[in-house]
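Engineer: Below is the structure, and that's it, no one-letter string:
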């Protein structure tokens, strides 16, 4: 069945450094890839997404890249700040299926 | 703008008791609706989704059920709770585009 693998499961970086989280999907028909940030005890919040017709998308300090051939997509956070500390989830979806396949999450700790 | 509500925010229930969690969406019509469960420190497990009134798809066999009595209302139920039903229950909606937006969640503890 469809699967999304997410790495690493935990990531610690120094404040100001960059963080990269990687996901691999199995369904070649997937065409939408969102990223969510979940702070402790809160709901997941959509922070950025990318569609299969685009290779890269940026929004201030965060960016997402997509390699359709390799079926990889990655979240890049630059100039990390303590408030970036949270669990990040990637997901893959195919239009018309109504469902996301979520990765298992990455706990990011930004050390001040 | 669209808003999604869930209640209650927290719930403590004994094993074997019934459950009813409610989710409503405002500011949109004919949304796709979803119920997820998140065990402590774990990922998001899709339980049910609905693309219209009375249309429910189940993803995981369990003692839970879902209903959609109105266009913007989604209900999660159980007749008898198990200890393993404890978790953070999240409702989500999506519209014509692909983005899913989550509600504030219900934290359920089964004792």
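Structural biologist: Now that the structure is in, tell me what you want to look at. This structure is a prediction, so every number in the text was calculated from the model and none was measured. Numbering: from 1, shown residues only, chains lettered A, B, ... in the order given.

Engineer: Do you have the strands of the chain handy? List them.
Structural biologist: Just going to use chain A. A:4-7, A:10-14, A:19-25, A:32-38, A:45-51, A:56-59, A:62-67, A:72-77, A:86-93, A:100-102, A:106-111 (DSSP state E).

Engineer: Correction: the question concerned chain B.
Structural biologist: Counting by DSSP E, the strands of chain B are B:3-7, B:10-13, B:19-26, B:32-38, B:45-52, B:55-58, B:64-70, B:73-78, B:87-94, B:100-102, B:106-110.

Engineer: Quick check: buried residues in the fifth one?
Structural biologist: Which is strand B:45-52. For strand B:45-52, a neighbour-count test (16 or more other Cβ atoms under 10 Å in any protein chain shown) marks B:45, B:46, B:47, B:48, B:49, B:50 as buried. (Each C-beta comes from the backbone N, C-alpha and C, glycine too.)

Engineer: ok, what's across the strand from the residue nearest to the spatial centre of chain B?
Structural biologist: Residue closest to the average C-alpha location in chain B (Cα atoms, centre = their mean): residue B:35, at 3.3 Å. With DSSP bridges as the criterion, the beta-bridge partners of residue B:35 are residue B:48, residue B:91.

Engineer: Need the residues that contact the least confident helix or strand in chain A by mean pLDDT.
Structural biologist: In chain A, the helix or strand scored least confidently by mean pLDDT, DSSP states H and E is strand A:100-102, which has a mean of 94. Strand A:100-102 is contacted from outside by A:2-4, A:25, A:27, A:30, A:34, A:89-93, B:43-44, B:46, B:100, using Cβ atoms under 8 Å, 6 or more residues apart in numbering or on different chains.

Engineer: filter these to the buried ones?
Structural biologist: A:4, A:25, A:27, A:30, A:34, A:89-93, B:43-44, B:46, B:100.

Engineer: And stretch B:2-19, end to end?
Structural biologist: 27 Å (Cα to Cα, to the nearest Å).

Engineer: Check the average confidence over that stretch, would you?
Structural biologist: Across stretch B:2-19, pLDDT averages out at 96.

Engineer: what's in contact with it?
Structural biologist: B:21-28, B:64, B:76-83, B:85, B:89-93, B:95, B:101-111.

Engineer: Just the pLDDT at the nearest residue to residue B:66 once chain neighbours are set aside, thanks.
Structural biologist: Closest residue to residue B:66 apart from its sequence neighbours, by Cβ to Cβ, 6 or more residues apart in numbering or on different chains: residue B:48 at 3.9 Å. If you check residue B:48, the pLDDT there is 95.
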